[in-house]
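Q: everything below, folded, please.
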Amino acid sequence: MKISIVITIFNCEKYLRECLDSIVNQTYDNLEIVLVNDGSTDSSGEICKSYVDIDKRIKYIEKTNSGVMDARVVGFKNCSGDYIYSVDSDDIVDLNCVQTIVDEISNTKADIVCFNGYQFVGEINNKSVINNGVLGVFENNQIKEEILKKCIGGIRNVNSINNCLWLKFIKKFLIDNCLQYCESGIAFGEDMLVSFACIAQANKVVFIDEKFYYYRQFPEQSTKKYKTNLIAVEEKLIKNLLQINFDFNLNCKNEILRHALETAKATIFNEVKFGKKYRDVKNKILQLYNANFYNEMIINLKVNAFTKQEKIIFYLLKHKCTKTLILLAKLVKIIQGV
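A: Coordinates of the predicted model:
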């Protein structure tokens, strides 16, 4: 069984060798390693080429910078393995990872095998566990009824599935079939999109309690960054998630629109959190009202089983209570001390 490992790279010279060493030294050696340099301006390219010179399993591709989604798609299209695994270029993979997953695939005939990992800041010893919310073997209707909705649940649900592709080995034909949904410009949420599309097509998905991945978290990452294009990205993300839901006759529309509600809330709170002027916050909310996913959400979202907070946010959005939404976001900022 050949495993293709796709590593997308952008200006990661400081950590790249550590990542590549954790891949080329895997105890399982029937690997195809696809390195996609997404327009790095540091020495990442030279580091990649030095590994190509000593390991014939490595393919090296250079492209102009266009983001991780596009880079991954380029990598996927250059894979010839039976299963595909995606790795971030500043992270580390346990040396026994591939062998263990190959054994699991051989035993269960799974289309997708999911596992757990760690995240760490600074030293690798300073780590915390990243878990999927489920364990076990899921097949056919179980996948549609139990698993797919948990892919969309995100941080709202402790039993949700971690969508990160670096916690999944996925059969190649599933990846090939999902590429039509991988629209350029989806700067975040891209893992959710690919995971959802692949799991929707799978006949068997296995979740094991093994921790093989070390995700390097930087202090400036994630929620501490101001996201300027939340609405534009969410437009593309929701459109493609809904298309997958329709194409595979799933029952996840309400969960997808619930995710849209979370993004609408995040858009407003994001503006207030980073101290934007009242006029700018108001303009962002007006932009939100004009988004296609907003209209889809207002018309079709069923909120009966939602939390009280979600119902309040939905009511304020539905009735376009702009001033109240801004006031609420400011109160939350004061309470949370951010």
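Q: following the one helix or strand Ile285 maps to, which helix or strand comes up?
A: For Ile285, the element it lies in under DSSP states H and E is helix 278-289. Next helix or strand after helix 278-289 toward the C-terminus (DSSP H and E): helix 292-300.
Q: mind listing what's buried in that next one?
A: Buried residues in helix 292-300, counted by 16 or more other C-beta atoms under 10 Å: 293-294, 296-298. For every residue, glycine as well, the C-beta is placed using N, CA and C.
Q: re the thing from before, which elements pack onto the helix holding Ile285?
A: helix 230-247, helix 253-273, helix 322-336 (3 or more C-beta pairs under 8 Å, 6 or more residues apart in numbering; DSSP states H and E).
Q: mind listing what the lengthiest strand in the chain pairs with, with the direction of each?
A: Longest strand of the chain, by residue count under DSSP state E: strand 204-216. Sheet pairing of strand 204-216 (DSSP bridges) gives strand 92-93 (antiparallel), strand 112-120 (parallel), strand 136-139 (antiparallel).
Q: same list (those) but as CSV, adding distance to Arg57, mean neighbour count and mean pLDDT.
A: Output for those, formatted as CSV (distance: least, C-beta to C-beta, whole Å; neighbours: other C-beta atoms under 10 Å; pLDDT from 0 to 100):
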stretch, distance to Arg57, mean neighbour count, mean pLDDT
strand 92-93, 15, 22, 96
strand 112-120, 21, 22, 91
strand 136-139, 31, 15, 94
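Q: please verify my assumption that Leu257 contacts Asn300.
A: Yes. Leu257 is within contact range of Asn300, at 6.0 Å (criterion: C-beta atoms under 8 Å).
Q: re the thing from before, go through the helices and strands packed on helix 278-289 and pick out the most buried.
A: Counting by mean count of other C-beta atoms under 10 Å, helix 253-273 has the highest mean neighbour count of the helices and strands packed on helix 278-289, with a mean of 21.
Q: give me the contact list for that one.
A: 149, 152-154, 156, 226-227, 230-231, 234, 238, 241-242, 245, 280-281, 284-285, 288, 293-294, 296-297, 300-302, 306, 310, 313-314, 317, 325-326, 329-330, 332-333, 338 (C-beta atoms under 8 Å, 6 or more residues apart in numbering).
Q: again with stretch 174-188
A: 66-70, 72-73, 76-77, 79, 84, 111-112, 190, 193-194, 197-198, 201-202, 227, 229, 232-233, 236-237, 239-240, 243-244.
Q: please pick the buried ones from those.
A: Buried among the contacts of stretch 174-188 (16+ other C-beta under 10 Å): 67-70, 72-73, 76, 79, 84, 111-112, 190, 193-194, 197-198, 201-202, 227, 233, 236-237, 240, 244.
Q: cross those residues against helices and list the overlap.
A: In helices, judged by DSSP state H, the following of these are found: 68-70, 72-73, 76, 190, 193-194, 197-198, 201, 233, 236-237, 240, 244.
Q: pLDDT weak spots in the stretch 201-338 of the chain?
A: Scanning the stretch 201-338 of the chain for pLDDT under 70 picks out the ranges 219-227, 337-338.
Q: the same query, at a cut-off of 80, please.
A: Applying pLDDT under 80 to the stretch 201-338 of the chain flags the ranges 218-229, 336-338.
Q: if we can go back for a sec, redo the helices and strands packed on helix 278-289 as a markdown table? Include distance to Val102.
A: A markdown table is the format used below for the helices and strands packed on helix 278-289 (distance: least, C-beta to C-beta, whole Å):
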| stretch | distance to Val102 |
| --- | --- |
| helix 230-247 | 28 |
| helix 253-273 | 32 |
| helix 322-336 | 45 |
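Q: rewinding a little: the helix holding Ile285 vs helix 292-300, what angle?
A: 60 degrees (axes from the mean of the first three to the mean of the last three C-alpha atoms, to 10 degrees).
Q: tell me the buried residues in helix 278-289?
A: So helix 278-289, judged by 16+ other C-beta under 10 Å, has buried residues 281-282, 284-285, 288.
Q: okay then, goodbye and thanks.
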